[in-house]
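Asks: Next come a sequence and a model predicted from it.
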Amino acid sequence: MQDTPGTVAVLATGGTIAGTAASATDNIGYSAAQLGVQALVDAVPALAGVPLVTEQVAQLDSKDMDFAVWATLAARVAHQLAQPGITGVVITHGTDTLEETAYVLQRLLAPAKPVVLAAAMRPATALLRDGPQNLLDAVTLAREPGARGVMAALAGTVHSALDVRKQHSYRVDAFGSGDAGPLARIEEGRVRRLREWPAGEPLGLDCIAKGEWPWVELVTSHAGARPDGVRALVAAGVKGLVVAGTGNGSLHHALEAALIEAQAAGVTVWRTTRCLDGPVQATPADQLPSAGTLTPVQARIELMLQLMRT
Ligand code: ASP
């Protein structure tokens, strides 16, 4: 099948899209990652005539995503993309850490073919299940001529891996792209592109070949912030800290003092914002560098990758 031009590789990892509940009206009391990849494909009659290869790469609730699954997934995506007949890859995934997997794959692979994450906010047993349409849209995007890069197709909207974020805990239309806005819409099987495909230089899989991901933690600035947590992390051997500051990355003075100490002790510290949208704009007076437009979870991944390269 890989030799048939226009073939899409569907790599399944679990999530709510593969989740089941005892009742069709239960949208929260379900178990994620129950159905296999073939069942997901079979639930979409419109995929019957589309050349697909399927692979079950993992079967987990994406809240439990880990570095070993990322490494396996990245290697399988790279393998599939290298097959001449494969036009694109679809990854079924949970929504909870979708933005993290999308970001790490884009940074490692920056693929010249489309790699599209599909997910669902409702389990496969729900009255109003969103998984089948999202999977169909993802396959449509994976076959779109000229499409490239890692993206997510959710609720009829395409988000770049560089911008996508889960913004709502329950709504079916739960994802956004922050200030950048969506990349495209998918309407009745047609892709209406709004801006450029995600691009960049791939770091390559060698970057993660050793398998040791440096310990990088996220901390948050807030009223009454204390320095003790950061000091405990430094004492325990943390290699990097990403702080989600208030507003333009501003920090409670007690937390800031501990972070400056951490930096002086050799820990890399980056500032982001806990605001849902917007960058941290650097100023000449900054003692702790800004992570620019990266969200806190993106910055954590970026810092891990940079520490692995050095
Ligand atoms: N906990 C689920 C997961 O991330 C949520 C979902 O997929 O919507 O796997």
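Replies: Nice, I can see it. Numbering: from 1, shown residues only.

Asks: Quick one: the helices in the stretch 51-200 of the chain, in order.
Replies: Under the criterion DSSP state H, counting those that start in this stretch, the stretch 51-200 of the chain contains helices at 67-81, 98-109, 131-142.

Asks: Rebuild those helices as JSON lines, extending it with mean neighbour count, distance to A21 and mean pLDDT.
Replies: In short, each C-beta sits where N, CA and C put it, glycine included. Shown next, in JSON lines, are the helices of the stretch 51-200 of the chain (neighbours: other C-beta atoms under 10 Å; distance: least, C-beta to C-beta, whole Å; pLDDT from 0 to 100):
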{"stretch": "helix 67-81", "mean neighbour count": "18", "distance to A21": "24", "mean pLDDT": "98"}
{"stretch": "helix 98-109", "mean neighbour count": "25", "distance to A21": "20", "mean pLDDT": "98"}
{"stretch": "helix 131-142", "mean neighbour count": "24", "distance to A21": "13", "mean pLDDT": "98"}
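
Asks: Leaving out sequence neighbours, find the closest residue to the residue of the stretch 151-300 of the chain found nearest the ligand.
Replies: Residue nearest to the ligand within the stretch 151-300 of the chain: A174 (8.0 Å; C-beta to the nearest ligand atom). Once flanking residues are discounted, A174 sits nearest to H168: 4.2 Å by C-beta to C-beta, 6 or more residues apart in numbering.

Asks: Report pLDDT for the residue of the stretch 1-150 of the chain found nearest the ligand.
Replies: Closest contact between the stretch 1-150 of the chain and the ligand, by C-beta to the nearest ligand atom, is at G94 (2.0 Å). G94 is assigned 98 on the pLDDT scale.

Asks: Give me the number of neighbouring residues for it.
Replies: Using other C-beta atoms under 10 Å, G94 is surrounded by 25 other residues.

Asks: Quick check: D206 vs A71, distance?
Replies: Taking C-beta to C-beta, to the nearest Å as the measure, D206 falls 12 Å from A71.

Asks: residues in contact with V57?
Replies: By C-beta atoms under 8 Å, 6 or more residues apart in numbering, the residues touching V57 are 11-13, 69, 72-73, 76, 91.

Asks: Now render the residues you listed as JSON lines, adding distance to the ligand.
Replies: JSON lines is the format used below for those (distance: C-beta to the nearest ligand atom, whole Å):
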{"residue": "L11", "distance to the ligand": "15"}
{"residue": "A12", "distance to the ligand": "12"}
{"residue": "T13", "distance to the ligand": "9"}
{"residue": "V69", "distance to the ligand": "12"}
{"residue": "T72", "distance to the ligand": "17"}
{"residue": "L73", "distance to the ligand": "14"}
{"residue": "R76", "distance to the ligand": "18"}
{"residue": "I91", "distance to the ligand": "12"}
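
Asks: where do the strands sit along the stretch 51-200 of the chain?
Replies: Secondary structure of the stretch 51-200 of the chain (DSSP state E, counting those that start in this stretch): strands located at 52-60, 86-92, 114-118, 149-154, 157-160, 165-166, 175-176, 184-187, 190-193.

Asks: quick one, which of the ones you listed is nearest to L127?
Replies: strand 149-154 (19.0 Å; C-beta to C-beta).

Asks: Direction included, what does that closest one pair against?
Replies: strand 114-118 (parallel), strand 157-160 (antiparallel) (DSSP bridges).

Asks: most packed of those?
Replies: Highest mean neighbour count among those (mean count of other C-beta atoms under 10 Å): strand 114-118, with a mean of 29.

Asks: Report the angle between that strand and helix 98-109.
Replies: Here strand 114-118 runs at an angle of 160 degrees relative to helix 98-109 (axes from the mean of the first three to the mean of the last three C-alpha atoms, to 10 degrees).

Asks: The residue of the stretch 151-300 of the chain closest to the ligand and K166 touch, don't they?
Replies: Yes: contact criterion C-beta atoms under 8 Å: A174 and K166 qualify, at 5.7 Å.

Asks: joint contacts of these two?
Replies: Counting by C-beta under 8 Å, 6+ apart, the shared contacts of A174 and K166 are T95.

Asks: returning to what we had before: in a markdown table, list the contacts of V57 along with distance to D286.
Replies: Formatted as a markdown table, the contacts of V57 follow (distance: C-beta to C-beta, whole Å):
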| residue | distance to D286 |
| --- | --- |
| L11 | 41 |
| A12 | 43 |
| T13 | 38 |
| V69 | 36 |
| T72 | 38 |
| L73 | 36 |
| R76 | 40 |
| I91 | 37 |
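
Asks: that older thread, would you list the helices of the stretch 51-200 of the chain in a markdown table and tack on distance to V269?
Replies: Formatted as a markdown table, the helices of the stretch 51-200 of the chain follow (distance: least, C-beta to C-beta, whole Å):
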| stretch | distance to V269 |
| --- | --- |
| helix 67-81 | 22 |
| helix 98-109 | 20 |
| helix 131-142 | 37 |
